[in-house]
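>>> model this:
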Amino acid sequence: MRIGLIAGGGRLPEYVGAAAQEAGTLSLVLALDPFASTQAFQDAERLRLGQFGKMIRRLKKADCTHVCFAGIVKRPDFKRLKPDLKAMRHLPGTIRAAGQGDDSLMRHVLGLFESEGFSIISPQEVCADLMLTEGVIGNVPLTSAHRDDALEACKIASAIGALDIGQAAVVAGGVTLAVEAQEGTDAMLIRLLNLPEDLRGTPENRQGVLAKIVKPEQDLRVDLPTLGPATVKHAAEAGLAGIVAEAGGAFVIERDETIRLADEAGLFIAGLPKAP
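Residues are numbered from 1 along each chain as shown. Model (predicted):
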């Protein structure tokens, strides 16, 4: 196996690249501009989304057998994409797929790479130790007082995921306070600060739970939910009591720091069994 890592934003690509390097399977890193960290991938070749032909040439030149997509990539503005010749040939199909939602777009993109002879390998196959395990991972327990909100938040997140809207929801006292759309989880949590404190709680009286759930029809090879220090900080500022996701269905980035911040703020982080 020779892996070509296509790196987007956030810390996940760094972990995936390091794990593949340690396993001796990393052959090439292509950093997507402007998403991938310039500091973490300063030695990697940087390519734009529209340079599909160049990506394929680089992957084949490096004798890659597998391609791994990791990190945050925002939906492109097709009017400003500047596709190369190979990308131009696939542009009509890509635009049609994008019109059917993010999941459809990702499946289309994966299919394009598979049609070039590459197998797709998921980030969780490369670094399984990043996955959220079942149960609480810090010192703050998930109490019965917050369990109903946790389960309801999972239900809402799954419902919006089925509509390909987002992966996250916040519920407090049985009331849905926010759902994630294109803005992402951190921006959704910041939005909570505009709500009255009696709805969302405070650092002194924490209420509500954030759930991040895999979309029901999602291709699990890409775009699993991610928890990290920023998630904890924003949840703490919004007065939430905790964060949940499905065990084996979310990455925990910078695990030690994430747990430290959660314990310090009095938030629980829990991996729940996957719903039937």
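
>>> all helices of the stretch 101-250 of the chain, in order?
Per DSSP state H, counting those that start in this stretch, the stretch 101-250 of the chain carries helices over the ranges 102-115, 123-126, 144-162, 185-191, 197-200, 229-237.

>>> By mean pLDDT, show me the worst of these.
Comparing mean pLDDT across the helices of the stretch 101-250 of the chain, the lowest value falls on helix 197-200: a mean of 84.

>>> so what secondary structure elements neighbour that one?
Contact partners of helix 197-200 among helices and strands, from 3 or more Cβ pairs under 8 Å, 6 or more residues apart in numbering; DSSP states H and E: strand 168-172, strand 175-179. C-beta: built from backbone N, CA, C; applies to glycine.

>>> Neighbouring strands - and their directions - for the first one?
I take that to be strand 168-172. Partners of strand 168-172 in the sheet, by DSSP bridges, are strand 175-179 (antiparallel), strand 209-212 (antiparallel).

>>> Same list (those strands) but as a markdown table, adding distance to residue 196.
Putting those into a markdown table (distance: least, Cβ to Cβ, whole Å) gives the following:
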| stretch | distance to residue 196 |
| --- | --- |
| strand 175-179 | 10 |
| strand 209-212 | 18 |
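
>>> Burial-wise, tell me which of those strands comes out on top.
Most buried of the strands paired with strand 168-172, by mean neighbour count (mean count of other Cβ atoms under 10 Å): strand 209-212, with a mean of 30.

>>> Identify the residue spatially nearest to the residue nearest the centre of the chain, adjacent ones excluded.
By Cα atoms, centre = their mean, the mean C-alpha position of the chain lies nearest to residue 225, the distance being 3.9 Å. Once its chain neighbours are removed from consideration, residue 225 has its nearest residue in residue 212; the separation is 3.7 Å (Cβ to Cβ, 6 or more residues apart in numbering).

>>> how far away is that neighbour from residue 161?
When Cβ to Cβ, to the nearest Å is the yardstick, residue 212 and residue 161 sit 10 Å from each other.

>>> Now do the shared contacts for those two.
In the contact map built from Cβ atoms under 8 Å, 6 or more residues apart in numbering, the residues linked to both residue 212 and residue 161 are residue 167.

>>> Could you tell me which residues make contact with the closest residue to residue 168 other than its chain neighbours?
Of all residues not flanking residue 168 in the chain, residue 180 sits nearest, at 3.9 Å (Cβ to Cβ, 6+ apart). Taking Cβ under 8 Å, 6+ apart as the definition of contact, the neighbours of residue 180 are 157, 160, 165-169, 188.

>>> ok, so of the residues you listed, who is nearest residue 63?
The shortest gap between residue 63 and any of these belongs to residue 167, at 34.7 Å (Cβ to Cβ).

>>> that older thread, got TSV for the contacts of residue 180, with neighbour count too?
Rendered in TSV, the data for the contacts of residue 180 read as follows (neighbours: other Cβ atoms under 10 Å):
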residue	neighbour count
157	30
160	19
165	17
166	22
167	26
168	26
169	28
188	21
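
>>> out of the residues you listed, who's nearest residue 196?
Ranking the contacts of residue 180 by separation from residue 196, with Cβ to Cβ as the measure, puts residue 188 on top at 17.1 Å.
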